[in-house]
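Colleague: coords below, sequence missing:
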DNA sequence: TCTGGGGTCCTAGGACCC
DNA sequence: TCTGGGGTCCTAGGACCC
């Protein structure tokens, strides 16, 4: 029984994903130090190996490293998330041909699951997968194989920094596995972050091997069930199943820092309307509706720092994904937060109380006919935006001024998703 | 006014991930 | 001067009910 169910997990992780995406369409960036910035050109969120060697850390503020990068002729790209999402989807599609079960875990990672006895040489197979993705999409990936997700992830991390594995490491066939993890810090384990690794290290559990051999009772009493599961996964007992179909999201957030400080309520309303529009699209794409709308604003303090941020929440009479109604309630929430003579630097919206569309509680005062017309309008808008680019048409509430738009001064074109930005072949 | 156990639901906060 | 944006899960504590 157990035997037949036993699975092997693979993790395919794109190397320096955002930078690699930029290189696909701009080969002159290859072998040159390159970084990609976050929204608003705020921090560095992807680095080529050459950039990592210069000591630039993940998530570092751009302005702190600008001079060093200039001196070393580092190419700096603003984020082009539309492009990255499209390549990410293509890679996941290709990988689904190589394993019976596939989970798209993040924009740059895909978990695979195989039956234990189905394949004779998994290491060879992993190298094959790597070569196919490289050839078909042009993105370099690393493959880790293990008997649990946590071990596959660990194998992947090792393969990334050890060239002798040629981009694919099968933990099951790695004979010196225990020696390797005896020298790895406990914080390298998936699920052990900054705080947990600090606490574990203080208690004498410094390495991955230490954690693997820790006592169950102590772990669960001190750190809870989550860490206990991680320990079991390190021992090869699978506790984290593959999630092939993702359940609908429990919350949907859209937020941005502004390109410039905002003062007027009208501008804030436009920004909030834009966030709601994006969020409502996400809702409809999942077949969901929301009954709670929260709005968030952050203000610049007198000392120049950004404030904690303030929230205002409105409960709707019924769940909906109809953009104009969501904008209406978001604006109502915003009224409670707005104060004249303040400098707003960031805002966002969050949808909660999410239910499948169709299961909404009906409320008096809204006719079925009205709801039907609204649904049709939204469908039409989504279709048009899907075909002509996400901002082809949108509600008038979003406005056309967009002083609040994020900065992205070094952005590459939308090579794959917009006809007018297709790459020219000469 | 004090006494008790057990259960659910919700919220806030903390920790993690990319 | 300039510091991203999106998620998940778990736990503890309070309100409320029987």
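Modeller: Great, that's in hand. No experiment lies behind these values; they were computed from the predicted model shown.
Colleague: Where does residue A:200 fall, secondary structure wise?
Modeller: helix A:194-202 (DSSP states H and E).
Colleague: quick one: that helix near DNA strand B?
Modeller: Yes: for helix A:194-202 and DNA strand B, the contact criterion (CB under 7 Å from any atom of the strand) is met by A:194, A:195, A:196, A:197. Every C-beta, even on glycine, is put in place using the N, C-alpha and C of the backbone.
Colleague: which helices and strands does that helix pack with?
Modeller: Contact here means 3 or more CB pairs under 8 Å, 6 or more residues apart in numbering; DSSP states H and E; on that basis helix A:194-202 packs against helix A:216-223.
Colleague: Between helix A:216-223 and the helix or strand just after the helix it packs on, find me the angle.
Modeller: Next helix or strand after helix A:216-223 toward the C-terminus (DSSP H and E): helix A:225-234. Helix A:225-234 and helix A:216-223 are oriented at 140 degrees to each other (axes from the mean of the first three to the mean of the last three CA atoms, to 10 degrees).
Colleague: near DNA strand C, which residues of chain A?
Modeller: Close to DNA strand C, as judged by CB under 7 Å from any atom of the strand, chain A has residues A:38-40, A:42-43, A:45, A:59, A:61-63, A:224-226, A:249-257, A:278, A:282, A:300, A:304, A:306, A:345-346, A:348, A:406.
Colleague: just the buried members of the residues you listed?
Modeller: Buried by 16 or more other CB atoms under 10 Å: A:38-40, A:42-43, A:45, A:62, A:252-257, A:278, A:345-346, A:348, A:406, out of those.
Colleague: where exactly do the helices run in the stretch 101-250 of chain A?
Modeller: Shown for the stretch 101-250 of chain A, the helices assigned by DSSP state H, counting those that start in this stretch span residues A:122-137, A:149-161, A:177-181, A:194-202, A:208-212, A:216-223, A:225-234.
Colleague: distance between the second one and the chain's centre?
Modeller: The reference is to helix A:149-161. Taking CA atoms, centre = their mean, to the nearest Å, one finds helix A:149-161 lying 19 Å from the centre of the chain it belongs to.
Colleague: Apart from its neighbours in sequence, what residue is nearest residue A:343?
Modeller: Spatial nearest neighbour of residue A:343, excluding adjacent residues (CB to CB, 6 or more residues apart in numbering): residue A:300 at 4.1 Å.
Colleague: Look up the residues forming beta bridges with that neighbour.
Modeller: Legend: beta-bridge partners of residue A:300 under DSSP bridges are residue A:306.
Colleague: For it, give me its contacts.
Modeller: Counting by CB atoms under 8 Å, 6 or more residues apart in numbering, residue A:300 touches A:261, A:306, A:307, A:342, A:343, A:344, A:345.
Colleague: Local confidence estimate at the last one?
Modeller: Spelled out, it's residue A:345. What the model reports as pLDDT for residue A:345 is 93.
Colleague: quick one: it and residue A:301 touch, right?
Modeller: No: Residue A:345 is beyond contact range of residue A:301, at 9.7 Å (criterion: CB atoms under 8 Å).
Colleague: one step back: out of the helices of the stretch 101-250 of chain A, which is the most enclosed?
Modeller: helix A:149-161 (a mean of 23; mean count of other CB atoms under 10 Å).
Colleague: Provide the contact partners of it at residue level.
Modeller: A:9-11, A:13, A:15, A:111, A:142-146, A:165, A:167-171, A:174, A:180-181, A:184, A:188-191, A:208, A:230, A:233-234, A:236, A:238, A:240, A:242.
Colleague: What of stretch A:184-195?
Modeller: Against stretch A:184-195 from outside (CB under 8 Å, 6+ apart): A:149-150, A:153-154, A:157-158, A:196-197, A:200-201, A:205-211, A:226-227, A:230, A:234.
Colleague: Give me the phi and psi for the residue in the stretch 301-426 of chain A that DNA strand C sits nearest to.
Modeller: Distance from DNA strand C to each residue of the stretch 301-426 of chain A (CB to the nearest atom of the strand) is smallest for residue A:304, at 4.8 Å. Note on residue A:304: its backbone torsions stand at phi 90, psi -20 [degrees, to the nearest 10].
Colleague: Just the strands from chain A, written as ranges.
Modeller: Secondary structure of chain A, counting by DSSP state E: strands at A:7-14, A:34-37, A:44-47, A:75-77, A:101-106, A:109-115, A:141-146, A:168-170, A:252-262, A:288-299, A:310-320, A:344-352, A:355-356.
Colleague: among those, which is nearest residue A:415?
Modeller: strand A:75-77 (12.8 Å; CB to CB).
Colleague: quick one on the thing from earlier: turn the strands of chain A into CSV, columns for distance to residue A:382.
Modeller: Listed next are the strands of chain A as CSV, based on distance: least, CB to CB, whole Å:
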stretch, distance to residue A:382
strand A:7-14, 29
strand A:34-37, 29
strand A:44-47, 29
strand A:75-77, 29
strand A:101-106, 22
strand A:109-115, 26
strand A:141-146, 32
strand A:168-170, 40
strand A:252-262, 15
strand A:288-299, 14
strand A:310-320, 15
strand A:344-352, 16
strand A:355-356, 17
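Colleague: thinking again about what came up before, distance of the residue of the stretch 301-426 of chain A closest to DNA strand C from residue A:343?
Modeller: From residue A:304 across to residue A:343, the span is 10 Å (CB to CB, to the nearest Å).
Colleague: who touches residue A:41 in this structure?
Modeller: Counting by CB under 8 Å, 6+ apart, residue A:41 touches A:62, A:78, A:406, A:407, A:408, A:409, A:410.
Colleague: Determine the number of other residues adjacent to the closest residue in space to it that isn't next to it in sequence.
Modeller: Closest residue to residue A:41 apart from its sequence neighbours, by CB to CB, 6+ apart: residue A:407 at 5.1 Å. Other residues lying near residue A:407 total 16 when counted by other CB atoms under 10 Å.
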